[in-house]
Each structure stands twice: as structure tokens, then as C-alpha cells.
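Chemist: Sharing a model prediction with you, sequence too.
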Amino acid sequence: MRWPSTAKRLANADDTCRAPHQGILEKRRKPVQPRIGITCDLDLGTGTDSRAPGRPTHVLYDDYVQAVATAGGVPILLPTATRGDSVAPYMQVLHGLLIPGSPTDVDPACYGEEPHPRLGPVNPRRTSFELAIVRQARAQGLPIFGICGGAQVLNVALGGSLYQDIPSQVSKAYKHSGSPDPSHLVDLVPETRLAAILRVQETRVNSLHHQAIKVPGQEMVISASARDGVIEAVEISSQPFVIGVQWHPERLFADDEASRRLFSAFVQAAATYAPEG
Ligand code: MN
């Protein structure tokens with residue numbers, strides 16, 4: 001008996017493998033619900049409102065989870081890993097990344113500045129994890145949504161800088177802290193991704209920040225500003241969804257169409273990124 005040539009054997013093997021299963025696999029394929037990683041706050045247990053004084057605890061406000069789930073995503077809560085270089089395993093399961101707000105500030109050393117007297121508390125472990133996972137997500141082309149402190153982390157991760165304290169560093173600025181309900185207007189920059197998503201020229205937003213973006217990061221452009229000049233949103237326009245907003249759409253989500261559009265656009269971008277399976 002003569003063995004068939006290698007090419008023929010491979011061709012036969014290929015046919016054998018494909019024929020019975022191919023049709024079934026194709027029929028089963030459908031778009032997956034995108035898995036959205038949301039970083040948690042690492043409450044160090046040192047603040048007066050800490051849940052467990054002295055015991056570091058991961059926490060995340062439920063409205064982030066609700067907004068992602070309502071928009072069709074599967075929220076995956078991400079703990080702050082103990083080492084910044086251990087983000088790769090998380091990235092293997094995610095289709096989108098949401099960086100939420102934070103009660104702490106980014107250490108200004110991360111953008112090459114010395115601490116201003118009005119700098120708030122910092123959380124080095126959370127910040128280093130978030131900077132690492134944002135950079136990895138950006139390298140992989142993952143949709144990224146930064147909210148408030150998350151927009152600031154996104155900006156710093158991509159090489160930008162921040163005002164450490166708006167009242168003392170931006171002259172004639174509005175009051176940007178302490179308004180969970182819509183307070184000041186923002187103007188959208190025409191032809192940005194954000195303007196296309198929100199489909200308005202201006203919108204009134206809530207404002208719970210004492211810091212703001214100073215210089216946008218690499219490839220980032222300003223997509224919204226308050227009328228006092230404070231930057232309220234940045235994005236990478238060449239990407240389907242790499243957007244940071246300084247306000248809190250998750251807190252307006254239930255009643256505000258623009259906030260719902262923002263989460264829907266983010267989850268849809270993640271669904272497009274997600275492979276079919
Ligand atoms: Mn504001």
C-alpha cells in the first residue's frame with residue numbers, strides 16, 4: 001500500500017474535519033453581549049466614610065452597573081490588581097473598558113508635576129492599575145469610556161495633564177464641585193464623536209469635580225467645554241469610542257436621553273469589537 005502524498009492527506013483531513021461541523025457552528029454563531037470591565041474604587045479604609053475602617057475594600061456605585069446593563073452590556077467588576085503589570089489576563093475577557101469616577105486624585109507625578117497645596121488624597125494602587133489597563137486597552141483598540149475622575153485617568157494614561165484644583169488654578173471658573181443635578185452648560189465641538197452621539201450643540205450637565213483636563217493626551221481632542229473654558233470632554237476621534245466626559249451620565253441615566261445615548265454608543269462599540277461566538 002502506498003501512502004497518499006502529504007498534500008492529499010492534509011486535504012482529506014481538512015475535509016473530514018470541516019464537513020460535519022461547519023454548518024452547525026455557523027448556525028450557532030451570534031453576536032455576543034459585550035463584556036464591559038468597570039474598575040472599582042479601592043477604599044483604603046482610611047477615610048471617615050470608609051465602609052470598613054482599616055480594611056481596604058473594593059466598591060462601585062450601582063448606577064454604573066445599571067447603566068451598562070440597561071445599554072445591553074455585561075458588567076464585569078474589576079478589582080485593583082496588586083501589581084500594575086497584571087492587566088493582561090483581564091484584557092482577554094473584555095470588549096470594553098469603563099473607568100468610573102473617584103473620590104481621590106491622580107498623583108500629579110504621573111503627569112510630571114509637583115503636588116499643588118489643594119491636591120486631594122491620592123490612591124496609588126488604584127491609579128497604577130487604571131493607568132496600566134487603559135494603556136493596554138488603547139493598545140488593543142478596545143472601546144474606553146472615562147467618567148469624571150475616569151476621564152482624567154484616561155487623559156493622563158495617554159500622556160495628558162490635569163489642573164490639580166480648578167478654583168485655585170483656573171481664573172473665573174464656575175463652581176464645578178458639589179452639583180449632582182444638572183448645573184452648568186457644556187458646548188459640544190462640532191464633528192466630534194461625542195457631538196454625533198449626543199446630537200445636540202449644548203447640554204446641561206452635573207458637575208462633581210475639583211480637577212479638570214489641562215492638556216489633552218496623545219491623539220486626543222477636546223469634544224466639549226464649559227463656557228468658563230474648563231474642558232468637559234475629550235476623545236480620540238479616529239477610534240469608534242475612546243471618550244472621557246467630566247460629568248456623570250450614570251447619575252442622569254434614568255431620566256436623560258443624552259446620557260442613555262452615550263452608554264448605548266459605548267456598548268455598541270464594544271459589541272462591534274467583540275468577536276462573534
Ligand atoms: Mn463641570
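Modeler: It's in.
Chemist: Who are the contact partners of His210?
Modeler: Neighbouring residues of His210 by Cβ atoms under 8 Å, 6 or more residues apart in numbering: Arg118, Gly120, Asp165, Ile166, Pro167, His176, Ser177. Heads up, the C-betas are built off the backbone N, CA and C, glycines and all.
Chemist: buried subset of those?
Modeler: Asp165, Ile166, His176 (16 or more other Cβ atoms under 10 Å).
Chemist: Among these, which one lies nearest to the ion?
Modeler: Ranked by distance to the ion (Cβ to the ion), the buried ones among the contacts of His210 are led by His176 at 3.9 Å.
Chemist: gap between the closest one and Leu185?
Modeler: 12 Å (Cβ to Cβ, to the nearest Å).
Chemist: got any residues that touch both of those two?
Modeler: In contact with both His176 and Leu185: Ala226, using Cβ under 8 Å, 6+ apart.
Chemist: Quick check: beta-bridge partners of the residue of the chain found nearest the ion?
Modeler: Nearest residue of the chain to the ion: Ser207, at 3.4 Å (Cβ to the ion). For Ser207, the beta-bridge partners are Ser179 (DSSP bridges).
Chemist: The buried ones among the contacts of His210 in helices, which ones?
Modeler: The helices, defined by DSSP state H, take in Ile166 from these.
Chemist: Looking at the buried ones among the contacts of His210, which is nearest Val32?
Modeler: Distance to Val32, by Cβ to Cβ, is smallest for His176 among the buried ones among the contacts of His210, at 38.4 Å.
Chemist: residue contacts, the nearest residue to that closest one once chain neighbours are set aside?
Modeler: Nearest residue to His176, sequence neighbours excluded (Cβ to Cβ, 6 or more residues apart in numbering): Ser207, at 4.6 Å. The contact partners of Ser207, by Cβ under 8 Å, 6+ apart, come to Tyr174, Lys175, His176, Ser177, Gly178, Ser179, Ser183, His184, Gln246, Trp247.
Chemist: 7 Å instead?
Modeler: Counting by Cβ atoms under 7 Å, 6 or more residues apart in numbering, Ser207 touches His176, Ser177, Ser179, Ser183, His184, Trp247.
Chemist: Next to the ion in this structure, residues from this protein, please.
Modeler: Within the chain, the positions lying close to the ion (Cβ under 5 Å from the ion) are His176, Ser207.
Chemist: What segments of the chain are strands?
Modeler: With DSSP state E as the criterion, the chain has strands at 35-39, 41-43, 57-59, 74-78, 96-99, 144-147, 161-163, 179-188, 202-207, 212-215, 221-226, 231-235, 242-245.
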